[in-house]
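Participant: I'll drop the sequence and a predicted model, then ask my questions.
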Protein chains: 2
Amino acid sequence: MTEHSLWRFSRALHRAINERQLEDLEALIDEEVDWAIHGPIDMFPFFGARRGKAAVLEVIRQIAENLRVHRFDRESIMLGVDQAASMMRYSLSVLDANRAISLRLAHFAQFKDGRLRRLRVLVDSFDLVEQALGRPIHLPGIASL
Amino acid sequence: MTEHSLWRFSRALHRAINERQLEDLEALIDEEVDWAIHGPIDMFPFFGARRGKAAVLEVIRQIAENLRVHRFDRESIMLGVDQAASMMRYSLSVLDANRAISLRLAHFAQFKDGRLRRLRVLVDSFDLVEQALGRPIHLPGIASL
């Protein structure tokens, strides 16, 4: 039984982010990859949609310039033949601000011939924004809207 | 081939929310269900963790008192034997505020004997908060933090 594409991709991605070594990752991304991280792009310009391998490698370079991964736990996971989905909790630091943040995200990945073909990521964005700001945002309860 | 538990649960849940008819749903929730919707509970008191069928039915009643589902699209989905995960986009209205919102979420569900045993939901919470407030929250770029 061969290793699931998710594990290889995950290792290469974390190496790309933490060591800025993108060689392993390059071989694991489809030329026509369809990529989106849903979240506030005003604050995090490396969120949003990207099309094609070059654009995706560029956005991973931007992530690597801004974030460092300390640890992650997979809280939920599903593996299919050429698909994978998981909910993960990351401990990260924002490099310029030297600030530790924890981030929960969900991803859905599709692979083709072992390469990433489609990725959708959703982050718990409000929690992320508060941590990145370093202060809470006051919210009214829904009943008082 | 029998219908996947997800479809039955999804129909019953949407009926519970929109018609406040919880009978169908009651039979599809395990007594020991482990439930969590990650998001800002200050604003949305029906987010957060719940344990056991009674607590989950109560929180679904609270959701039904606050929201109405107009439509939803599944953007990504994985089905396993007793598991399902999807990323969905909902068109909702907040009843008291009479405000339309669109919400993207990801869920991971585990079923046991056709009943929901564990659910984890992650929402694009910043986008949700801005829509619920009815105004944008100003954000600095990550580079200026």
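Facilitator: The structure has been received and is ready for your questions.
Participant: count of neighbours near the nearest residue to A:Arg104 once chain neighbours are set aside?
Facilitator: Sequence neighbours aside, A:Asp124 is the residue nearest to A:Arg104 in space, at 4.3 Å (criterion: Cβ to Cβ, 6 or more residues apart in numbering or on different chains). Just so you know, the C-beta spots here come from the backbone N, C-alpha and C atoms, and that holds for glycine as well. Using other Cβ atoms under 10 Å in any protein chain shown, A:Asp124 is surrounded by 24 other residues.
Participant: look up phi and psi at A:Asp124.
Facilitator: Backbone torsions for A:Asp124, taken as degrees, to the nearest 10, come to phi -70, psi 80.
Participant: ditto for A:His14
Facilitator: Dihedral angles (degrees, to the nearest 10) for A:His14: phi -70, psi -30.
Participant: what about chain A, any weak spots by pLDDT?
Facilitator: A:1, A:142-145 (pLDDT under 70).
Participant: next, the contact list for the residue nearest in space to the middle of chain A, please.
Facilitator: Nearest to the geometric centre of chain A sits A:Val121, at 6.4 Å (Cα atoms, centre = their mean). Applying Cβ atoms under 8 Å, 6 or more residues apart in numbering or on different chains to A:Val121 gives the contacts A:36-38, A:105-107.
Participant: need the residues you listed in JSON lines (columns: secondary structure).
Facilitator: Shown next, in JSON lines, are the contacts of A:Val121 (DSSP: H, G, I helix; E, B strand; the rest coil):
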{"residue": "A:Ala36", "secondary structure": "strand"}
{"residue": "A:Ile37", "secondary structure": "strand"}
{"residue": "A:His38", "secondary structure": "strand"}
{"residue": "A:Leu105", "secondary structure": "strand"}
{"residue": "A:Ala106", "secondary structure": "strand"}
{"residue": "A:His107", "secondary structure": "strand"}
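Participant: list the residues that contact the residue nearest to A:Arg104.
Facilitator: A:103-105, B:38-39, B:122-123, B:125.
Participant: make JSON lines out of these and add distance to A:Glu19.
Facilitator: Putting the contacts of A:Asp124 into JSON lines (distance: Cβ to Cβ, whole Å) gives the following:
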{"residue": "A:Leu103", "distance to A:Glu19": "20"}
{"residue": "A:Arg104", "distance to A:Glu19": "24"}
{"residue": "A:Leu105", "distance to A:Glu19": "21"}
{"residue": "B:His38", "distance to A:Glu19": "30"}
{"residue": "B:Gly39", "distance to A:Glu19": "33"}
{"residue": "B:Leu122", "distance to A:Glu19": "28"}
{"residue": "B:Val123", "distance to A:Glu19": "33"}
{"residue": "B:Ser125", "distance to A:Glu19": "31"}
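Participant: return the member of the residues you listed nearest to A:Tyr90.
Facilitator: A:Leu103 (4.6 Å; Cβ to Cβ).
Participant: how many neighbours does that closest one have?
Facilitator: Around A:Leu103 there are 20 residues (other Cβ under 10 Å).
Participant: one step back: most surrounded residue in the contacts of A:Asp124?
Facilitator: If you rank the contacts of A:Asp124 by neighbour count (other Cβ under 10 Å), B:Ser125 sits at the top with 29 neighbours.
Participant: test my guess that that residue contacts A:Leu122.
Facilitator: No. Shown here, B:Ser125 and A:Leu122 do not form a contact pair, counting by Cβ atoms under 8 Å, at 9.6 Å.
Participant: what strand or helix carries the closest residue to A:Asp113 other than its chain neighbours?
Facilitator: Of all residues not flanking A:Asp113 in the chain, A:Asp30 sits nearest, at 7.8 Å (Cβ to Cβ, 6+ apart). For A:Asp30, the element it lies in under DSSP states H and E is strand A:29-38.
Participant: for that strand, packing partners?
Facilitator: On a contact count with 3 or more Cβ pairs under 8 Å, 6 or more residues apart in numbering or on different chains; DSSP states H and E, strand A:29-38 meets strand A:48-51, helix A:53-66, strand A:115-123.
Participant: what pairs with that strand, and is each one parallel or antiparallel?
Facilitator: Sheet partners assigned to strand A:29-38 using DSSP bridges are listed as strand A:48-51 (antiparallel), strand A:115-123 (parallel).
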